[in-house]
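Colleague: sequence-free structure coming up:
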């Protein structure tokens, strides 16, 4: 699969994730093990995902929108890392009740890290200039490439009629 079609698939993924975050922020928060009070932040992240997805689907070569996905992934990783740190800062007596939420947050962190790796690979592939394979290069007749030799079209010919 090439980088353009991968970026299209990631665009649809962004739209789906953005709709879930925008329409059901509380249940999404529960599913990733963060506090439901973060619903406004999750809605903003959903709007960001929708914008990234629309940009990926609207452009023929969406390089800048892929890089915006990478930056968004980094932001998501930072927020999930902060949520993991909050889980670890709970008193020992309450930590047992929060272990399930911590596992869900750690799972979300791992999933976002995996998607970040894919986003980064696709962004780098879109950024690289297209490669020209040596087998496809034009070689003029005679096997010489480059500047053609000067022809002697002004030299006298020996086709004099006698």
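Modeller: Cool, the structure landed. Predicted model only: the values in this text are computed from it and were never measured. Numbering: from 1, shown residues only.

Colleague: only C-alpha atoms from now on, for both contacts and neighbour counts.
Modeller: Fine.

Colleague: so where's this structure shaky on pLDDT?
Modeller: Residue ranges of the chain with pLDDT under 70: 1, 89-98, 131-162.

Colleague: kindly recompute the last result at 50.
Modeller: By pLDDT under 50, the chain has no low-scoring segment.

Colleague: list the buried residues in the helix ranked longest in it.
Modeller: With secondary structure taken from DSSP state H, the chain has its longest helix at helix 92-127. Buried residues in helix 92-127, defined by neighbour count with 16 or more other Cα atoms under 10 Å: 101-102, 104-106, 108-109, 112-113, 115-116, 118-120, 122-123, 126.

Colleague: ranges for the helices of this structure?
Modeller: 3-23, 25-31, 39-58, 63-88, 92-127.

Colleague: any idea how far the first one is from the chain center?
Modeller: Okay, so that is helix 3-23. Counting by Cα atoms, centre = their mean, to the nearest Å, helix 3-23 is centred 10 Å from the centre of its parent chain.

Colleague: tilt between that helix and helix 63-88?
Modeller: Helix 3-23 and helix 63-88 are oriented at 50 degrees to each other (axes from the mean of the first three to the mean of the last three Cα atoms, to 10 degrees).

Colleague: quick one: residues in contact with helix 3-23.
Modeller: 28, 42-50, 52-57, 60-62, 66, 122, 125-126 (Cα atoms under 8 Å, 6 or more residues apart in numbering).

Colleague: which among the residues you listed end up buried?
Modeller: If we count by 16+ other Cα under 10 Å, the contacts of helix 3-23 have these buried: 28, 42-43, 45-50, 52-57, 61-62, 66, 122, 126.

Colleague: buried set for stretch 70-89?
Modeller: For stretch 70-89, a neighbour-count test (16+ other Cα under 10 Å) marks 70, 72, 73, 76, 77, 80, 83, 84, 87 as buried.

Colleague: the fifth one against residue 109, yeah?
Modeller: Yes: checked against Cα atoms under 8 Å, the pair residue 77 and residue 109 is within contact range at 6.3 Å.

Colleague: mind listing what the residue nearest the centre of the chain touches?
Modeller: Geometric centre of the chain, nearest residue: residue 119, 2.6 Å, by Cα atoms, centre = their mean. Residue 119 makes contact with 66, 67, 69, 70 under the criterion Cα under 8 Å, 6+ apart.

Colleague: again, but for residue 73
Modeller: Counted by Cα under 8 Å, 6+ apart, residue 73 has contacts 112, 113, 115, 116.

Colleague: cutoff 10 Å now
Modeller: 49, 67, 79, 112, 113, 114, 115, 116, 117, 119, 120 (Cα atoms under 10 Å, 6 or more residues apart in numbering).
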